[in-house]
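Novice: quick one, what's the 3D model for this:
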Amino acid sequence: MSDDRSKAAVNDEHRDEQDRKPNAVKAAIGKVTATIRADDDMLEVMNAFLAFDPDAIEKCDVEQARRQPTAADAVKAVLRNQGRDPSPEALVPGVSSVDRVIPGAAGELRARIYTPTGATPLPVVVYFHGGGWVIADLDVYDGGARGLSAQAGAIVVSVDYRRAPEHRFPAAWDDALAAYRWVADNAASFGGDPGRIAIAGESAGGNLALATAIAARDAGLTAPCHVLSVYPVAQTGSTSTPSYIENAIAQPLNKAMITWFLDKLLRSPEDKADTRLNLVGADLRGLPPVTIINAQLDPLRSDGAMLQEALQEDGVSVQRRDYHGVAHEFFGMAAVVEKARQAQQFAGERPRESFDLDLARTLVSGGI
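Specialist: Here you go, the predicted structure:
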């Protein structure tokens, strides 16, 4: 009798695992589409990701979703296949890192401080990772943060904010502002220049970056000198934009996943109208220069274009680049994807221009 129960449990577990797999027809269409549209190096990473046989995030519970392979895992697999060292230090030489805890809005947060070789004080970038505010962490997004440190010649403070559904909206936004406040107050303690601070983020973190700049302005805090927003979520009111329709079944991010993320994040549907999420409806006046980076094969591409338009309407200096042949999450793949290397170089140049301008203003005002 007990053997029968054990067999039944195994069969149930197997059925549950199969139920979490992507729809076979959609997966096949998505793979063919990627083969046609993606650059060869991007396709190599996408195929490495699919080789892990991941579950469909939108069919998982939260803990299952957090255990799924990531784009960073796929990059490591490609590097190993190429016979290369996948360690972060080997991929981005000249940047050291140390983990520590910093105060958040409701307790301590894990942070990683990346420091490039160079004389201090160095400019500082506060960085927020992606993951739909539900999955992923600073380890998964190490490639983007570490690469930005090297390209911008800046200390990067990457922050693990609280995630939903354990901590629903607006917990992550509260933590982001608390982290920015801490960096502004303590930059000198880790070799940073408190007069030259920027904010950056990817995906969900790209939203947090701009929302934090708005919150800092409204709270009267030290203003960042630049905002870098990489394929940000700029609105949650519509999943019927051109890029949502075009990339509805894309990998590694698709329309169904975003709906799943929002279900875990929001307290109620009314939260979609909150301008911390609906950035295109926010008061953007008086913000520093903004850089937006988008990927062609990404449901969020139109969000970037909408955000660019909203910023321009409010008189904010903004530059946006749309990288063709690459997908969401490409920014951290500079070790194996050429467009990612180009994007990181551009992402480093833009805040560096703002850092240099702020330094020049400081020297002039000081009579030097």
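
Novice: for the closest residue to Asp271 other than its chain neighbours, helix, strand, or coil?
Specialist: Spatially, and ignoring its direct neighbours in sequence, Asp271 is nearest to Phe169 (5.2 Å; CB to CB, 6 or more residues apart in numbering). Just so you know, the C-beta spots here come from the backbone N, C-alpha and C atoms, and that holds for glycine as well. Here Phe169 is recorded as coil under DSSP: H, G, I helix; E, B strand; the rest coil.

Novice: Phe169 against Lys272, yeah?
Specialist: No - using CB atoms under 8 Å, Phe169 makes no contact with Lys272, being 9.6 Å away.

Novice: quick one: which of these two has more around it?
Specialist: Higher neighbour count among Phe169 and Lys272: Phe169, with 21 against 16, using other CB atoms under 10 Å.

Novice: helices and strands of the protein: which one bottoms out on pLDDT?
Specialist: helix 2-19 (a mean of 56; mean pLDDT, DSSP states H and E).

Novice: so what's the residue nearest to Ala38 when sequence neighbours are not counted up against?
Specialist: Nearest residue to Ala38, sequence neighbours excluded (CB to CB, 6+ apart): Gly325, at 5.7 Å. Residues near Gly325 by CB atoms under 8 Å, 6 or more residues apart in numbering: Arg37, Ala38, Asp39, Met42, Gln296, Leu297, Lys339.

Novice: do the same with Phe190
Specialist: The neighbours of Phe190, taking CB under 8 Å, 6+ apart as the test, are Ile113, Thr115, Ile155.

Novice: tell me, what's the model's pLDDT at the last one?
Specialist: Ile155 carries a pLDDT score of 98 in this model.

Novice: burial measure for it, as a count.
Specialist: Ile155 has 26 nearby residues by other CB under 10 Å.

Novice: just read off the phi/psi values of the closest residue to Glu329 other than its chain neighbours.
Specialist: Once flanking residues are discounted, Glu329 sits nearest to Ala71: 3.9 Å by CB to CB, 6+ apart. In terms of degrees, to the nearest 10, the main-chain angles of Ala71 are phi -60, psi -30.

Novice: now do Val326
Specialist: According to degrees, to the nearest 10, Val326 has phi -130, psi 160.

Novice: distance of it relative to Ala282?
Specialist: Separation of Val326 from Ala282 (CB to CB, to the nearest Å) stands at 28 Å.

Novice: higher neighbour count, the two?
Specialist: Taking neighbours as other CB under 10 Å, Val326 and Ala282 compare with Val326 leading, 29 against 20.

Novice: thinking again about what came up before, in TSV: the contacts of Gly325, plus neighbour count and pLDDT.
Specialist: Shown next, in TSV, are the contacts of Gly325 (neighbours: other CB atoms under 10 Å; pLDDT from 0 to 100):
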residue	neighbour count	pLDDT
Arg37	18	92
Ala38	24	97
Asp39	19	97
Met42	25	98
Gln296	22	97
Leu297	26	97
Lys339	21	98
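
Novice: just the ones of the residues you listed in helices?
Specialist: Those of the contacts of Gly325 mapping onto helices are Arg37, Met42, Lys339, per DSSP state H.

Novice: for the nearest residue to the second one once chain neighbours are set aside, give me its contacts.
Specialist: What that stands for is Met42. Leaving aside its sequence neighbours, Met42 sits nearest to Val326 (CB to CB, 6+ apart; 4.8 Å). Applying CB under 8 Å, 6+ apart to Val326 gives the contacts Ala38, Asp39, Met42, Ala295, Gln296, Leu297, Val337, Lys339, Ala340.

Novice: count the neighbours of the closest residue to Gly131 other than its chain neighbours for me.
Specialist: Counting by CB to CB, 6+ apart, the nearest residue to Gly131 once its immediate chain neighbours are dropped is Ala204, at 6.0 Å. With neighbours defined by other CB under 10 Å, the count for Ala204 comes to 27.

Novice: quick one: contacts for Ala187?
Specialist: Pro121, Val124, Ile155, Asp193, Pro194, Ile197.

Novice: just Ala65 next, same as before
Specialist: Applying CB under 8 Å, 6+ apart, we find Ala65 in contact with Asp55, Ile57, Val134, Ile135, Trp260.

Novice: any idea of the pLDDT on the third one?
Specialist: Spelled out, that is Val134. Val134 is assigned 98 on the pLDDT scale.

Novice: what do you get for the last one?
Specialist: Among the per-residue scores, Trp260 holds a pLDDT of 98.

Novice: with the second one instead?
Specialist: According to the predicted model, the pLDDT of Ile57 comes to 97.

Novice: what residue ranges in the stretch 201-350 of the chain score low on pLDDT?
Specialist: For the stretch 201-350 of the chain, not a single residue meets the criterion pLDDT under 70.

Novice: sorry, slip of the keys, the one I care about is the stretch 1-150 of the chain.
Specialist: In the stretch 1-150 of the chain (pLDDT under 70), the answer is 1-16, 25, 27-29, 32.

Novice: tell me where it has strands.
Specialist: 95-103, 108-116, 122-128 (DSSP state E, counting those that start in this stretch).

Novice: of these, flag the one that's most buried.
Specialist: Among these, strand 122-128 has the highest mean neighbour count (mean count of other CB atoms under 10 Å), at a mean of 29.

Novice: next, Arg321: phi, psi?
Specialist: phi -120, psi 130.

Novice: if I look at it, how far off is Asp41?
Specialist: Distance, Arg321 to Asp41, by CB to CB: 18 Å.

Novice: against Arg67, how distant is the residue nearest to Gly131?
Specialist: Separation of Ala204 from Arg67 (CB to CB): 19 Å.

Novice: now the closest residue to Ser238 other than its chain neighbours: which helix or strand?
Specialist: The shortest distance from Ser238 to any non-neighbouring residue, by CB to CB, 6+ apart, is to Tyr244 (7.5 Å). Taking DSSP states H and E as the definition, Tyr244 sits inside helix 242-246.
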